[in-house]
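what would the 3D arrangement of this be:
(one chain, ligands or ions: 1)
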Amino acid sequence: MSMTQNRCTFCGSQIERGTGIMYVLNNGSVLWFCSSKCFKYYKMKKDPKKLAWTNRYMSRGRR
Ligand SMILES: [Zn+2]
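Numbers count the residues shown, from 1 in each chain. The predicted model follows:
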């Protein structure tokens with residue numbers, strides 16, 4: 001059985017086991033966040049692609 005590491009729902013970075021914030025949606029889906037910062041930004045409905053500090057950031061001109 002392989003243990004897959006969780007990735008932050010917001011910024012996409014890996015979350016060490018035993019750390020991070022688990023958030024359960026009304027539909028039963030489980031989201032993980034690496035930090036309260038990411039959780040906060042998620043709740044503010046920010047787009048991680050537009051934030052330079054996330055792994056999902058996409059600057060124009062980069063592929
Ligand atoms: Zn994160």
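
neighbours around V24, how many?
Neighbours of V24 under the rule other C-beta atoms under 10 Å: 9. Any C-beta I mention is one placed from the backbone N, CA and C, and that applies to glycine too.

residues touching the closest residue to it other than its chain neighbours, list them.
Once flanking residues are discounted, V24 sits nearest to V30: 5.5 Å by C-beta to C-beta, 6 or more residues apart in numbering. The neighbourhood of V30, defined by C-beta atoms under 8 Å, 6 or more residues apart in numbering, consists of M22, Y23, V24.

SS state for the closest residue to K49 other than its chain neighbours?
Counting by C-beta to C-beta, 6+ apart, K49 lies nearest to M58, which is 4.8 Å off, once chain neighbours are set aside. At M58 the chain is in coil, as set by DSSP: H, G, I helix; E, B strand; the rest coil.

likewise K49?
With three-state DSSP as the criterion, K49 reads helix.

for the ion, see how far away it is.
Noted for K49: a distance of 13 Å to the ion, by C-beta to the ion, to the nearest Å.

please apply the same query to V30.
15 Å.

report pLDDT for that residue.
If you check V30, the pLDDT there is 92.

before we move on, back to that, could the contacts of V30 be laid out in TSV, adding distance to the ion?
Formatted as TSV, the contacts of V30 follow (distance: C-beta to the ion, whole Å):
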residue	distance to the ion
M22	13
Y23	12
V24	17
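
G12: neighbour count?
G12 has 15 nearby residues by other C-beta under 10 Å.

what do you get for R60?
Residues near R60, counting by other C-beta under 10 Å, number 4.

same check on R56?
R56 has 14 nearby residues by other C-beta under 10 Å.

wait, it sits on S13?
No. Under the criterion of C-beta atoms under 8 Å, R56 makes no contact with S13, lying 9.3 Å away.

can you give me the strands for this protein?
6-7, 14-15, 21-24, 30-33 (DSSP state E).

who in this structure is up against the ion?
Selection of the chain residues close to the ion by C-beta under 5 Å from the ion yields C8, F10, C11, C34, C38.

quick check, the second one in contact with T54.
Yes. In this structure, F10 is within contact of T54 by C-beta under 8 Å, at 6.7 Å.
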